[in-house]
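Participant: Curious how this folds, go ahead:
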Amino acid sequence: MPFTVSHAVVALAARRTPLPVAAVAVGAMAPDAVLFAPFLPPYVVAHSWVGVVTIDLVVALVVLVAWCYLVRSAWSGAVPVVRERLPASWSAPPRGGGRPVRRAVAVVVACLVGSATHVLWDAFSHEAGWAVQAIPFLREGPSAYPVWAGVQDGSSVLGLLGLVVAAAVWWRRSTPRRVPPTARWDQAVVAAAGVVVVLAALGIAGRVLLDGGGVAGIVTALAFRLPVVVALVLVVGAVGLLAGHRTRSP
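Facilitator: From the prediction side, this is the model:
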């Protein structure tokens with residue numbers, strides 16, 4: 001299975017379309033939510049066309065709302081260095097405007113498009129994928145590393161590389177703006193969040209080493225376990241940041 005974050009690279013193609021880029025990105029990662037939240041429907045359901053229009057859509061919309069109305073608005077003004085390059089509008093939840101139905105439809109379509117690309121991508125890079133089963137070439141190669149496995153690893157690397165390049169281009173083109181000094185409470189929350197994530201990563205890696213695993217095992221364990229920690233830290237940290245903001249408000 002390609003690395004979950006790599007799937008978000010498809011959102012770059014939506015930058016010049018009416019589809020919200022964030023919705024496409026979230027939708028593209030939504031089918032893999034079952035890997036981090038066992039209470040969701042089975043993997044095979046989430047990675048099916050039925051799942052695209054049901055559980056994947058629900059997951060994508062929930063995550064998107066949490067991102068736009070909680071995480072983004074809380075963290076955009078707290079993260080050092082980056083905050084001065086982020087749009088000022090990110091510091092507040094999205095505001096309503098004209099044509100709410102049109103916007104809602106665009107968001108839903110974007111989530112569906114993103115999830116559809118995920119299912120299609122996995123079809124060519126997963127042993128049980130319909131494309132792998134239909135195209136003999138994808139099943140050729142050594143039994144321990146057939147072509148579909150190479151597609152999986154290669155596309156994961158290319159997807160991550162695409163995101164890194166896009167981030168680098170954005171950084172170079174963005175212009176820093178003047179922002180007020182970071183409040184001590186915000187600094188404390190950011191520092192605490194960083195410590196928690198680092199300790200969690202070290203704990204996961206250490207557990208793998210104690211079990212006799214190597215570098216590959218550590219990478220796999222981090223890919224499947226650390227995102228849950230990061231997500232929880234972002235949500236809890238966002239609540240803490242917003243609470244601090246309200247306390248400081250006159």
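Participant: longest helix anywhere in this protein?
Facilitator: Identified as the longest helix of the chain according to DSSP state H is helix 215-248.
Participant: list the buried ones in that helix?
Facilitator: 218, 221-222, 225-227, 229, 231, 233-234, 237-238, 240-241, 244-245 (16 or more other C-beta atoms under 10 Å). Where you see a C-beta, it was placed from the backbone N, CA and C, and this is true even at glycine.
Participant: Between the residues you listed, which sits nearest Arg103?
Facilitator: Nearest to Arg103 out of these is Ala238 (C-beta to C-beta; 23.1 Å).
Participant: Spatially nearest residue to that closest one (excluding sequence neighbours)?
Facilitator: In space, and not counting its chain neighbours, Ala238 is closest to Ala74: 3.7 Å by C-beta to C-beta, 6 or more residues apart in numbering.
Participant: which stretch of helix or strand covers that neighbour?
Facilitator: In this assignment (DSSP states H and E), Ala74 forms part of helix 72-75.
Participant: and that helix, how far out from the chain's middle?
Facilitator: A distance of 15 Å separates the C-alpha centroid of helix 72-75 from that of its chain, computed with C-alpha atoms, centre = their mean, to the nearest Å.
Participant: Can you tell me what sits against it?
Facilitator: Residues outside helix 72-75 that contact it (C-beta atoms under 8 Å, 6 or more residues apart in numbering): Trp90, Ser91, Ala92, Pro93, Leu234, Gly237, Ala238, Val239, Leu241, Leu242, His245.
Participant: Tell me how far the most centrally placed residue in the chain lies from Val26.
Facilitator: A centroid search over the chain (C-alpha atoms, centre = their mean) returns Val5, at 5.2 Å, as the residue closest to the centre. Distance, Val5 to Val26, by C-beta to C-beta, to the nearest Å: 12 Å.
Participant: how about low-confidence regions in this protein?
Facilitator: Scanning the chain with the threshold set as pLDDT under 70 gives 1-2, 96-98, 248-250.
Participant: any idea where the helices of it begin and end?
Facilitator: 21-29, 33-36, 43-46, 49-52, 55-66, 72-75, 100-125, 130-134, 147-173, 184-210, 215-248.
Participant: quick one: contacts for Phe224?
Facilitator: Each residue near Phe224 by C-beta under 8 Å, 6+ apart is listed here: Leu35, Phe36.
Participant: try Ala88
Facilitator: Taking C-beta under 8 Å, 6+ apart as the criterion, Ala88 is in contact with Arg177.
Participant: Check the spacing between it and Arg246 real quick.
Facilitator: Taking C-beta to C-beta, one finds Ala88 at 20 Å from Arg246.
Participant: Likewise for Phe224?
Facilitator: In this view, Phe224 and Arg246 are 36 Å apart by C-beta to C-beta.
Participant: residues contacting Val59?
Facilitator: Val59 neighbours (C-beta under 8 Å, 6+ apart): Ala30, Ala33, Leu40.
Participant: at 7 Å what do you get?
Facilitator: With contact set as C-beta atoms under 7 Å, 6 or more residues apart in numbering, Val59 has these partners: Ala30, Ala33.
Participant: Also Val228?
Facilitator: Val228 sits next to Phe36 when contact means C-beta under 7 Å, 6+ apart.
Participant: Quick check: phi and psi at Thr182.
Facilitator: Backbone torsions of Thr182, given as degrees, to the nearest 10, read phi -70, psi 130.
Participant: For it, grab the count of nearby residues.
Facilitator: Under the neighbour criterion other C-beta atoms under 10 Å, Thr182 is assigned a count of 14.
Participant: picking that back up, could you dump the helices of the chain into CSV and include distance to Glu84?
Facilitator: Formatted as CSV, those follow (distance: least, C-beta to C-beta, whole Å):
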stretch, distance to Glu84
helix 21-29, 21
helix 33-36, 32
helix 43-46, 38
helix 49-52, 38
helix 55-66, 24
helix 72-75, 14
helix 100-125, 28
helix 130-134, 45
helix 147-173, 11
helix 184-210, 14
helix 215-248, 17
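Participant: Perfect, I'm done here.
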